[in-house]
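1. Sequence first, then the predicted structure, then my questions.
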Amino acid sequence: MGNESINWDKLGFDYIKTDKRYLAHWRDGEWDAGTLTEDNVLHISEGSTALHYGQQCFEGLKAYRAKDGSINLFRPDQNAARMQRSCSRLLMPHVPTEQFIEACKQVVRANERFIPPYGTGGALYLRPFVIGVGDNIGVRAAPEFIFSVFCIPVGPYFKGGMKPHNFAISSYDRAAPQGTGAAKVGGNYAASMMPGSEAKKHGFADAIYLDPLTHSKIEEVGSANFFGITHDDQFITPKSPSVLPGITRLSLIELAESRLGLKVTEGEVFIDKLDQFKEAGACGTAAVITPIGGISYKDTLHVFHSETEVGPVTQRLYKELTGIQFGEIEGPAGWIVKV
Ligand code: PLP
Ligand code: COI
């Protein structure tokens, strides 16, 4: 069955109820096999730790309709591993990598009619999550957990997609120095909603956060990682214990070096040294590569390549990354998992 009701070219990043989602329960020390269900409403105890104490984490990855008609998942093993690290940080049970990937595949197959056609630029966004549930009131790990995966067809996360967007440095922190910044947990995103909405109110795409200890170095965007290209063609991305280790970031590090011949540095990006960059970008599963036109800091907009044109290095990185995801270019071994 096709999907005539969706205008693929107009997709943004909005909730659409798709046909089936995967649902598994952890009780008495183990996950059950999980099932697909049409019901998109969870029935959970009012005492669930996910509701009160933020004991929950999530992931984001995409399924792509490839050029040859097959369906590609991009590095789902990395999402499984990151979710395991998030679960460890919040005292939740790991979902085994095989179960994670199998759940994603089942959800993609059951919602195949929602995968945007090749050539539209859209993809099927998968949202796996683990939440603490069951009767409880004290601040302690939940007695039971739910692992679920649902999916939504999406287009660009930032309106207009692959064109320069301006971002604003926030005076708030999204994470603490030894907190949960490196884990993909809801609390980080709750903390980013007010600063993010302030940035958007002022016409920016999103907020960029500085390091929470000294407020002198760029950490990341509220929804993506940061990278910059220096005038001498180095790819630089912040390294910090409070930055989310993005899988797009990890992939660009490899592609920048092996395919574009750039020198790669994971290090410090001082907010008063933006002049070193000729181009900058935000990268993530939802954001893909979003060129950064300018960054506003203390009422001054620092413009990189241009506010209207995409820089050539950013363009090449985008072509390489999305080419691999859509099956136009051979990726490094293991990056593409066929559904
Ligand atoms: N940083 C934050 C705060 C994010 O929400 C995301 C998106 O998942 C990323 C970075 C990029 O991570 P990934 O490339 O794995 O999607
Ligand atoms: C993702 O890119 O998967 C994310 O989780 C970003 C989110 C803020 C939509």
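-> Nice, I can see it. Since the model is a prediction, treat every value here as computed from it, not as a measurement. Residues are numbered from 1 along each chain as shown. Ligands and ions are numbered 1, 2, ... in the order given.
2. burial measure for the nearest residue to residue 205 once chain neighbours are set aside, as a count.
-> Counting by C-beta to C-beta, 6 or more residues apart in numbering, the nearest residue to residue 205 once its immediate chain neighbours are dropped is residue 165, at 3.8 Å. Heads up, the C-betas are built off the backbone N, CA and C, glycines and all. Using other C-beta atoms under 10 Å as the criterion, residue 165 is surrounded by 21 other residues.
3. Then residue 137?
-> Here the neighbour count serves as a burial measure; for residue 137 (other C-beta under 10 Å) it reads 9.
4. Which element, helix or strand, includes it?
-> In this structure, residue 137 sits in neither a helix nor a strand according to DSSP states H and E.
5. circling back: next, work out how far apart the residue nearest to residue 205 and ligand 2 are.
-> Counting by C-beta to the nearest ligand atom, to the nearest Å, the separation of residue 165 from ligand 2 is 15 Å.
6. need the contact list for that residue.
-> Residue 165 makes contact with 158, 204, 205, 282, 290, 291, 292, 293 under the criterion C-beta atoms under 8 Å, 6 or more residues apart in numbering.
7. ok, 7 Å please
-> Contact analysis of residue 165 by C-beta atoms under 7 Å, 6 or more residues apart in numbering lists 158, 205, 290, 292, 293.
8. So which of these are in strands?
-> Counted as lying in strands by DSSP state E, out of the contacts of residue 165, are 290, 292, 293.
9. which residues sit against stretch 312-331?
-> When contacts are taken as C-beta under 7 Å, 6+ apart, the neighbours of stretch 312-331 outside the stretch itself are 64, 66-68, 70, 72, 74, 118, 162, 229, 251-252, 255-256, 259-260, 279, 281, 288-289, 291, 335-336.
10. what secondary structure does residue 102 sit in?
-> Counting by DSSP: H, G, I helix; E, B strand; the rest coil, the backbone at residue 102 sits in helix.
11. go on, the one 3 residues further on?
-> Following three-state DSSP, the label given to residue 105 is helix.
12. what residues does the chain put near ligand 2?
-> With C-beta under 6 Å from any ligand atom as the criterion, the chain comes near ligand 2 at residues 60, 223, 284, 285, 286.
13. Try it again at 8 Å.
-> Taking C-beta under 8 Å from any ligand atom as the test, the list of the chain residues beside ligand 2 reads 13, 58-61, 125, 127, 157, 184, 189, 222-224, 246, 248, 284-287.
14. Separate out the buried members of these.
-> With neighbours counted by 16 or more other C-beta atoms under 10 Å, the residues of the chain next to ligand 2 contain buried members at 58-61, 125, 127, 157, 184, 222-224, 246, 248, 284-287.
15. Keep only those residues that also lie close to ligand 1.
-> Restricting these to those near ligand 1 - C-beta under 8 Å from any ligand atom - leaves 59-61, 184, 222-224, 246, 248, 284-287.
16. Identify the residues contacting residue 240.
-> Applying C-beta under 7 Å, 6+ apart, one finds that residue 240 lies in contact with 211, 219.
17. With residue 6 instead?
-> Contact partners of residue 6, counting by C-beta under 7 Å, 6+ apart, are residue 153.
18. Give the residue spans of the chain that score low on pLDDT.
-> Low-confidence segments of the chain, defined by pLDDT under 70, are located at 1-2, 4.
19. can you give me the helices for it?
-> Counting by DSSP state H, the segments of the chain that form helices are 49-52, 76-89, 97-110, 186-201, 247-258, 312-325.
20. returning to that earlier point: next, format the contacts of residue 165 as JSON lines and append distance to residue 330 and neighbour count.
-> Below are the contacts of residue 165 laid out as JSON lines (distance: C-beta to C-beta, whole Å; neighbours: other C-beta atoms under 10 Å):
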{"residue": "158", "distance to residue 330": "28", "neighbour count": "22"}
{"residue": "205", "distance to residue 330": "32", "neighbour count": "26"}
{"residue": "290", "distance to residue 330": "25", "neighbour count": "29"}
{"residue": "292", "distance to residue 330": "29", "neighbour count": "28"}
{"residue": "293", "distance to residue 330": "32", "neighbour count": "23"}
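21. Next, give me the two most distant ones among these.
-> Spatially, the most separated pair among those is 158 and 293, at 11.2 Å (C-beta to C-beta).
22. what's near enough to touch the closest residue to ligand 1 within the stretch 1-150 of the chain?
-> Of the stretch 1-150 of the chain, the residue with the smallest distance to ligand 1, taken as C-beta to the nearest ligand atom, is residue 60 at 4.8 Å. Applying C-beta under 7 Å, 6+ apart, one finds that residue 60 lies in contact with 125, 127, 285, 286.
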